[in-house]
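Undergrad: Model the structure of this input:
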Amino acid sequence: MLTSGAAVLASSAMLLALGQSSATAAGVTSAGADVPWTATYGTATASGTRSLESNGGLSSKLIVKGTFKNTGKDCYSVWTQWTYDMSPLPAAKRATLCGAGTQAVDLSIPNYTLTTTGSVFICHGDKDATDCGAQESLTSWPVKPTS
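TA: I've put the predicted structure just below:
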């Protein structure tokens, strides 16, 4: 159990760390650097960029854009899964292609915070997320040294 002084110190350190992480994420956005993402499975590929847009508060808007392509005859779907404050939401289907084709991927999360994580993945079929490729992070950010 923490004493009241230790609790205040721990809380201050956590707030400082959160502030530094927000500044780092804001630095990526202000520099205009989009971060690439890609997911593949079977004959399907989805790829694009993700970025943050400041909303002036403690959260940002996460913007994900890209292209979903299928070169085969089977159906494939793009899915995302989000976790807010350690509470996972069910996977959500974003796009489906049955047969060869191309489709845009365009989504955003209006209240993205440091406790939000998310991934994108491709599954075979269009009914459920049981036969899928690896989940690729949409919320991990490259660390760049500051000058």
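Undergrad: all helices of the protein, in order?
TA: 4-30 (DSSP state H).
Undergrad: the strands in it, which residues?
TA: 35-41, 44-54, 60-70, 75-84, 87-88, 92-98, 101-112, 116-124, 136-137 (DSSP state E).
Undergrad: in the fourth one, what's buried?
TA: Think strand 75-84. Buried residues in strand 75-84, counted by 16 or more other Cβ atoms under 10 Å: 75, 76, 77, 78, 79, 80, 81, 82. (Each C-beta comes from the backbone N, C-alpha and C, glycine too.)
Undergrad: And the pLDDT at the first one?
TA: Looking at residue 75, its pLDDT is 98.
Undergrad: Pretty sure it sits against residue 93.
TA: No - contact criterion Cβ atoms under 8 Å: residue 75 and residue 93 do not qualify, at 11.1 Å.
Undergrad: shared neighbours of these two, which are they?
TA: With contacts defined as Cβ atoms under 8 Å, 6 or more residues apart in numbering, the residues shared by residue 75 and residue 93 are residue 126.
Undergrad: pLDDT below threshold where in the protein?
TA: 1-32, 144-147 (pLDDT under 70).
Undergrad: Swap in 50 and give it another go.
TA: Along the chain, segments meeting pLDDT under 50 span 1-32.
Undergrad: what's the farthest-apart pair in the buried residues of strand 75-84?
TA: 75 and 82 (23.5 Å; Cβ to Cβ).
Undergrad: For residue 103, give me its contacts.
TA: Here residue 103 is in contact with 67, 68, 95, 97 (Cβ under 8 Å, 6+ apart).
Undergrad: Using neighbour counts, give me the buried entries of these.
TA: By 16+ other Cβ under 10 Å, those give 68, 95, 97 as buried.
Undergrad: In this model residue 71 seems to touch the last one, though I could be wrong.
TA: Which is residue 97. No - applying Cβ under 8 Å, one finds residue 97 not in contact with residue 71, separated by 9.7 Å.
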